[in-house]
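A.B. asks: model this:
(one chain, ligands or ions: 2)
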Amino acid sequence: MNNTSADIQMSNDMLSYEGFRAEVLKDYKVALESREASLLGRREVLTGKAKFGIFGDGKELAQVAMAKFFQPGDWRAGYYRDQTFMFATGLATVEQFFAQLYADPDLKNEPFSMGRQMNGHFATRIVQDNGQWEPIADKLNVSSDISTTAGQMPRALGLAFASKAFREVAQLHSMEHLSRNGSEICFCTIGDASTSEGHFWEAVNAAGVLQVPLAIFVWDDGYGISVPTKYQTTKGSISAALKGFQKKDNTNGVDIYKVQGWDYAGMCEVFESALTRMRDTHVPAVFHVEEITQPQGHSTSGSHERYKSAERLEWEKEWDCIKKMREWIIENGIANEDELAAIDEAAKQMVKESKANAWRKYQQPIKEQVQEAVSLIRNMTVNDMEAYSKVQDLAKDLENNREPLRRHIMRSLALATEIAPGSPSVAEVKAYRKKLQQINDPLYNSLLYNEGEKSALKVPVVTPAIDETAPVINGYELLNKYFDQLFASNPSVLAFGEDVGKIGDVNQGFAGLQEKHGKNRIFDTGIRELTIIGQGIGLALRGLRPIAEIQYLDYLLYGLQPLSDDVATLHYRTGGQQSCPLIVRTRGHRLEGIWHSGSPMGMMLNALRGIYLCVPRNMVQAIGMYNTLLKANDPAIMVECLNGYRLKETMPANLLEYTVPLGVPEVIKEGADITVVSYGSTLRIVQDAAVRLQALGIDIEIIDVQTLLPFDTQHVIFGSLQKTNRIIFIDEDVPGGGAAYMFNKVMEEQGGYKWLDVAPRTLTAKAHRPAYGSDGDYFSKPNAEDVIEAIQDMMAE
Ligand SMILES: Cc1ncc(C[n+]2csc(CCOP(=O)(O)OP(=O)(O)O)c2C)c(N)n1
Ligand SMILES: [Mg+2]
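C.D. replies: Numbers count the residues shown, from 1 in each chain. Ligands and ions are numbered 1, 2, ... in the order given. Coordinates of the predicted model:
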């Protein structure tokens, strides 16, 4: 090597220019491919091969620019417009994009949602099949998208917050597979109109207070479907409206930037410097990306000519970001027309091929099933001529269907057996249909919860160790001792919520523990249930074990949306690739009045399938359930009994070890005459009634269901009913709520109706919320006299 230093200098410049040029042309190519995918994607819907389409056209440049600064360990929490970002980061291929458009349920083809989500709803794998976390610090991570506008905001805040936890909690520093000193950014995207949601404002405020590396990109195309910015945003500009949040030298807050969605160079420059700093400073930022277009309108559901003026449509054509990038490339001599035309052509070709491949792979297993079904139907022996020709038509129609779905096959097979029920071939046709049902079921009806090693239902049972010397203490003291030991032994656990830090929660479960275990592990939050849940989601996704507290069950409503839309659907909607082992701790049932004594079980049962619902009768049981949950990956809500904190309990010696299995009721009093099914605080009313009923000669059996989701997986209640032949379900929810759910489970699912001597009953609170005061409680909720009367009636029947 005899190069002079001048030569080397020159070749470095050349190299760096060449590198720059290659990078620009690569971005241009990705943008073009993405645009082409949008154009062809829309056509697939309009011609009927896909059901619905929503595309990222118009947002391409902003996303190739943003993608440049997305690094291993980072997270994205965005919405349905981000296909270009996914292509640019290599996290999605165009073929996979089309596989999702077609709803291909094969995870190998559609690795975002297993065909369960609409197109443009992305995810990356964060949990391995054995339930262990992926080395997410080395991966580019995408939290699974949801369709609800601004629904990504609580989660985005939490993902960014986790970086703060990883940086500030010393015990977490060794977990290098999860984080590298908390320098990971959460890239959050949101549409301009969706910033009208309260979610956006709560998350921005929390980020400003907490100082967490949250980078919010607002794709401002001027519309939320048909409704323009002036009806969405104060002053018609989100960056203007946010001014008061701007961080100053001596304040906390958020950095605010304005860029133009067609200005490739400008965006790259701003994103780079802001994001590089953010890894260090953790100061959140909002990038208001203006002047973005929407060439094909909102979605395949309608056309934007209905609500955009001719002028606006003309402006959108002129300021199309890809057109602008092309002009910029030419002006700056980065490439010439011919070179760009070649890239255009290659992009078109590539997308066309990817689309065709996706369709072929999606259709292949269906076509095989069609073939087999057609041959079975065609070869049916049918004596009746008319039925025979109908069956033949059926086979022909199925064979000629050019876009067959699994359901077409199922329907044809069923119709064949309906048309010719007497055919000797019917059994064979039915058998094949049954086989297909078994093949199809897991494609669509699986993975709501963890099913593998980390299923909460597979945690081994360890009984509490209690001997004569075991101390008897108040329920809240028991919890406090448990949490103390838990925080000493498990560094991944963090607990937070309103009044959880300094005073150790309103019932002293954490009293004194913040001082002992640190302000970063047990801490207060603002009054913002929605983003408390969001913090829990983010921490859980990033491999930690958050206990997010909702002060009273009545306030869960404020945090219900992310639990229902995000947490409950997560494992299902990612085909098991993401888990959110969040524990929501709350307290409920009897206290006082309309907003402090709720027991809205029906609300949770109906909104939260996908989350376990624990309703322990006391803190001994609660601790066993916490232990079970902490060994598994499933999310859960723990409703502690408000009147359980001052109950005297015997303390097990193995506080950290014993487990209470989920879905296994406990018979807490045996009896011969009637089965009484209940849970939580109401059990104490029932126990009081039991003593008085005994004096009246009635011997009731009391069953504590312990968890409502899952519900009595071993049919313990059915066993009791076989013995007593009478059953009543009692709780504090409204009529038709939790008690009706239990009734349905036992009567219909367990087949309990066969064992009844008298009509089964439910006994619930009144249809309104409880009035304030002890009399309000007595007359609004079921009391011991109500229980006694109902049971006496049933015994007299
Ligand atoms: C909670 C909720 N409300 C309404 C909708 C229906 N919806 C879907 S997208 C959309 C407009 C969103 O506009 P914007 O945030 O500007 O994003 P863009 O689609 O323009 O990129 C609406 C109203 C929804 N998905 N979720
Ligand atoms: Mg918009």
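
A.B. asks: which parts of the stretch 201-350 of the chain sit against ligand 2?
C.D. replies: Those residues of the stretch 201-350 of the chain that sit near ligand 2, judged by C-beta under 5 Å from the ion, are 221, 223. C-betas here are computed from N, CA, C, even on glycine.

A.B. asks: tally of neighbours for residue 150?
C.D. replies: 23 (other C-beta atoms under 10 Å).

A.B. asks: ok but it is inside a strand, no?
C.D. replies: No - in this structure, residue 150 is coil, not part of a strand, as judged by DSSP: H, G, I helix; E, B strand; the rest coil.

A.B. asks: contact partners for it?
C.D. replies: Each residue near residue 150 by C-beta atoms under 8 Å, 6 or more residues apart in numbering is listed here: 190, 194-195, 197-200.

A.B. asks: can you do 10 Å?
C.D. replies: Taking C-beta atoms under 10 Å, 6 or more residues apart in numbering, we find residue 150 in contact with 79, 156, 190-191, 193-203, 561.

A.B. asks: any of those buried? List them.
C.D. replies: 79, 156, 190-191, 193-197, 199-203, 561 (16 or more other C-beta atoms under 10 Å).

A.B. asks: out of the contacts of residue 150, which comes closest to ligand 2?
C.D. replies: residue 191 (4.0 Å; C-beta to the ion).

A.B. asks: surely that closest one is in contact with residue 80?
C.D. replies: Yes - counting by C-beta atoms under 10 Å, residue 191 does reach residue 80; the two are 8.9 Å apart.

A.B. asks: and the contacts of residue 150, which of them are in helices?
C.D. replies: The helices, defined by DSSP state H, take in 156, 198-203, 561 from the contacts of residue 150.

A.B. asks: redo those as TSV? Include pLDDT.
C.D. replies: Listed next are the ones in helices among the contacts of residue 150 as TSV, based on pLDDT from 0 to 100:
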residue	pLDDT
156	99
198	98
199	98
200	98
201	98
202	98
203	98
561	98
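
A.B. asks: list the contacts of the nearest residue to residue 777 once chain neighbours are set aside.
C.D. replies: Excluding the flanking residues, the one nearest residue 777 by C-beta to C-beta, 6 or more residues apart in numbering is residue 770, at 5.6 Å. For residue 770, the residues meeting the contact criterion (C-beta under 10 Å, 6+ apart) are 590-599, 732, 776-781.

A.B. asks: SS state for residue 770?
C.D. replies: From three-state DSSP, the assignment for residue 770 is coil.

A.B. asks: how about it, phi and psi?
C.D. replies: phi -70, psi 140 (degrees, to the nearest 10).

A.B. asks: from ligand 2, how far off is it?
C.D. replies: Note on residue 770: its distance to ligand 2, by C-beta to the ion, to the nearest Å, is 44 Å.

A.B. asks: which residue packs closest to residue 636, ignoring adjacent ones?
C.D. replies: Leaving aside its chain neighbours, residue 636 sits nearest to residue 612 (4.0 Å; criterion: C-beta to C-beta, 6+ apart).

A.B. asks: was I right about that neighbour contacting residue 629?
C.D. replies: Yes - with contact defined as C-beta under 10 Å, residue 612 reaches residue 629; the gap is 7.3 Å.

A.B. asks: what sits in contact with each of the two?
C.D. replies: With C-beta under 10 Å, 6+ apart, residue 612 and residue 629 have common neighbours 456, 583, 635-636, 638, 662.

A.B. asks: out of these, who has the most neighbours?
C.D. replies: residue 635 (28 neighbours).

A.B. asks: close to ligand 1: what parts of the protein are there?
C.D. replies: Residues of the chain lying close to ligand 1 (C-beta under 6 Å from any ligand atom) are 81, 147-149, 191-194, 219, 221, 223-225, 298.

A.B. asks: switch the cut-off to 5 Å
C.D. replies: 81, 147-149, 191-194, 224-225 (C-beta under 5 Å from any ligand atom).

A.B. asks: mark which of these are buried, thanks.
C.D. replies: 81, 149, 191-194, 224.

A.B. asks: what's the closest of the ones in helices among the contacts of residue 150 to residue 707?
C.D. replies: Nearest to residue 707 out of the ones in helices among the contacts of residue 150 is residue 561 (C-beta to C-beta; 23.1 Å).

A.B. asks: any idea which residue sits dead centre in the protein?
C.D. replies: When C-alpha atoms, centre = their mean is applied to the chain, the residue found nearest the centroid is residue 566 (2.6 Å).

A.B. asks: so what's the residue in the stretch 101-250 of the chain positioned nearest to ligand 1 up against?
C.D. replies: As assessed by C-beta to the nearest ligand atom, ligand 1 sits closest to residue 191 within the stretch 101-250 of the chain, at 2.0 Å. Residue 191 is in contact with 59, 78-81, 149-150, 218-221, 223-225, 232, 292, 294, 298, counting by C-beta under 10 Å, 6+ apart.

A.B. asks: kindly report the same for residue 699.
C.D. replies: 669-674, 690, 693, 724.

A.B. asks: quick check on it: phi, psi?
C.D. replies: The phi/psi pair for residue 699 (degrees, to the nearest 10) is phi -110, psi 100.

A.B. asks: how far away is it from residue 579?
C.D. replies: 45 Å (C-beta to C-beta, to the nearest Å).

A.B. asks: could you do residue 327 as well?
C.D. replies: Noted for residue 327: a distance of 47 Å to residue 579, by C-beta to C-beta.

A.B. asks: name the residue in the two with the higher neighbour count.
C.D. replies: residue 579 (24 against 11).

A.B. asks: for that one, which three-state class applies?
C.D. replies: Once three-state DSSP is applied, residue 579 turns out coil.

A.B. asks: against residue 159, how distant is it?
C.D. replies: 15 Å.

A.B. asks: cool, residue 597 as well?
C.D. replies: 35 Å.

A.B. asks: the two: who's more crowded?
C.D. replies: The neighbour count for residue 597 versus residue 159, taken as other C-beta under 10 Å, is higher for residue 159 (31 against 26).

A.B. asks: what strand or helix carries that one?
C.D. replies: Per DSSP states H and E: residue 159 is located in helix 152-168.

A.B. asks: which ones are touching the residue of the stretch 601-750 of the chain found nearest ligand 1?
C.D. replies: In the stretch 601-750 of the chain, no residue comes nearer to ligand 1 than residue 607, which is 14.5 Å away by C-beta to the nearest ligand atom. Residue 607 is in contact with 556-557, 560-561, 563-565, 568, 600, counting by C-beta under 10 Å, 6+ apart.

A.B. asks: look at it and report its pLDDT.
C.D. replies: pLDDT, residue 607: 98.

A.B. asks: distance check, it against residue 557.
C.D. replies: For residue 607 relative to residue 557 (C-beta to C-beta), the value is 10 Å.

A.B. asks: find residues that contact each of these two.
C.D. replies: Counting by C-beta under 10 Å, 6+ apart, the residues touching both residue 607 and residue 557 are residue 600.

A.B. asks: returning to that earlier point: make a PyMOL selection of the buried ones in the contacts of residue 770.
C.D. replies: Only the buried entries of the contacts of residue 770 go into this PyMOL selection, using 16+ other C-beta under 10 Å:
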select buried, resi 590+591+593+596+597+598+599+732+776+777+780+781
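
A.B. asks: what about the contacts of residue 770, which are in helices?
C.D. replies: 776-780.

A.B. asks: hang on, residue 242 packs against residue 256?
C.D. replies: Yes - between residue 242 and residue 256 there is a contact at 5.6 Å, judged by C-beta under 10 Å.

A.B. asks: which neighbours do those two share?
C.D. replies: Residues touching both residue 242 and residue 256 (C-beta under 10 Å, 6+ apart): 204, 216, 286, 288.

A.B. asks: ligand 2: which of those is nearest?
C.D. replies: Nearest to ligand 2 among the shared contacts of residue 242 and residue 256 is residue 288, at 12.4 Å by C-beta to the ion.
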